[in-house]
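Trainee: Next come a sequence and a model predicted from it.
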Amino acid sequence: MKNKKVLVVLGGTSGEREVSLDSGRACIKALKKIGYKVSTFDPKKKPLNLIDKNKTDVIFNALHGKDGEDGVAQSYFEYLRIPYTHSGVISSYNSMNKVISKEIFKKNKIKSPKYFVFNKDDYNKIDLNICIKKKKIKFPIVVKPINEGSSIGVQICKSIIDLNKSTKFLFKKYSELIFEPYIGGQEIQVAVINGLPLGAIELQPKRQFYDYKAKYSKKAKTKHIMPANLKKSKYLEVLRIAKKAHNALGCKGVTRSDFKFFKGQFYLLEINTQPGMTDLSLVPEIASYKGISFENLVEKILLNASINK
């Protein structure tokens, strides 16, 4: 494999560009350290269809966010017939879309917060307060775009005034939003690699929740507890649920599932098919605890590259 030409695709144009660049650079450094020939490609500088097939044997996808983990980039890789890391077209799209993924969770009896969806036209015609009461969702309420990552656009609202304000603000950029009750309790994240659960970590953010800043800024001082502070039976339970969700969505390579543990029950908030690989990222931290070096982790992801996913 080490004689293969590896292309790391990083950057892109989403709101997670900087995180993608950090992840990509870390993976490039790791791959070079263990002897791989590596080149790079940034879709912000030229379109993905210009990837040179003759100079690329395998793609390491380090993109995050829109067009990087929603099936768009994966469609190009499939069209080019170049093996690539992480999940395929359909599983990436379904995982990124919070409504579709929730319906798949529901079908597979995986508990997730109840929800409803509003688009711009709904908001102009229907009273949001009436809709909340009809759906029996109590404050605080979380409102967020249906297809963003890294907690971009997530708002936690404690009153109808806050909710209307946040909804109007988000509709300036997004056409469709999802509303769900805020779930308290412990913040638990589980890494799954190649279909097998790796471990669960607990987060204690100093901020209101594990938002973009808490994820990627050292100044946020989020406390990481590895392994998660759970009874053994509950720890094994959340690993099983994460594996079940990974497989139900048809994911490949590595994923990170975001849970809340509240009143003895796990609620799966979402699954991330392109988890961060920065020095603050959770999957490398979980892997390290399990005795897997960063270089070994990156190589495990690379060796799982394929097409026709």
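Mentor: Done, it's in.

Trainee: The residue nearest in space to the middle of the chain and Ser87, how far apart?
Mentor: The chain has Asn272 as the residue nearest its centroid, 2.2 Å off, counting by Cα atoms, centre = their mean. For Asn272, the distance to Ser87 equals 10 Å [Cβ to Cβ, to the nearest Å]. All C-beta spots, glycine's among them, are computed from the backbone N, C-alpha and C.

Trainee: overlap in contacts of these two?
Mentor: Residues touching both Asn272 and Ser87 (Cβ atoms under 8 Å, 6 or more residues apart in numbering) are 69, 95, 255.

Trainee: Cross those against strands and list the overlap.
Mentor: Of those, the ones assigned to strands by DSSP state E are Thr255.

Trainee: Looking at the shared contacts of Asn272 and Ser87, which gets the smallest pLDDT?
Mentor: Sorting those by pLDDT puts Glu69 at the bottom of the list (93).

Trainee: surely that residue meets Gln274?
Mentor: Yes - the pair Glu69 and Gln274 qualifies as a contact (Cβ atoms under 8 Å) at a distance of 3.9 Å.

Trainee: returning to that earlier point: without its sequence neighbours, what residue ends up closest to the residue nearest to the centre of the chain?
Mentor: Arg256 (4.6 Å; Cβ to Cβ, 6 or more residues apart in numbering).

Trainee: Any idea what that neighbour is bridged to?
Mentor: Beta-bridge pairing of Arg256 under DSSP bridges involves Ala191, Asn272.

Trainee: how many other residues sit next to it?
Mentor: 24 (other Cβ atoms under 10 Å).

Trainee: Ok, His64 next?
Mentor: 31.

Trainee: for it, helix, strand, or coil?
Mentor: coil (DSSP: H, G, I helix; E, B strand; the rest coil).

Trainee: which residue ranges form the strands in the stretch 101-250 of the chain?
Mentor: 116-119, 141-145, 155-157, 176-181, 186-193, 196-204, 223-225 (DSSP state E, counting those that start in this stretch).

Trainee: The fourth one pairs with which strands, parallel or anti?
Mentor: Strands that pair with strand 176-181, judged by DSSP bridges, come out as strand 116-119 (antiparallel), strand 141-145 (antiparallel).

Trainee: Pick the most buried one from the strands of the stretch 101-250 of the chain.
Mentor: Of the strands of the stretch 101-250 of the chain, the one with the most neighbours on average (mean count of other Cβ atoms under 10 Å) is strand 186-193, at a mean of 25.

Trainee: Can you give the distance of that strand from its chain's centre?
Mentor: 11 Å (Cα atoms, centre = their mean, to the nearest Å).

Trainee: and it, what other elements does it pack with?
Mentor: strand 196-204, helix 232-248, strand 254-262, helix 282-289, helix 294-303 (3 or more Cβ pairs under 8 Å, 6 or more residues apart in numbering; DSSP states H and E).

Trainee: what's next to it, contact-wise?
Mentor: With Cβ under 8 Å, 6+ apart as the test, strand 186-193 has contacts from 197-205, 209-210, 228-230, 238-239, 241-243, 246, 251, 253-262, 266, 275, 282-283, 286-287, 297, 300-301.

Trainee: One more pass at 7 Å, please.
Mentor: Contacts to strand 186-193, defined as Cβ atoms under 7 Å, 6 or more residues apart in numbering, come from residues 197-203, 205, 210, 228, 238-239, 242-243, 246, 254-261, 282-283, 286-287, 300.
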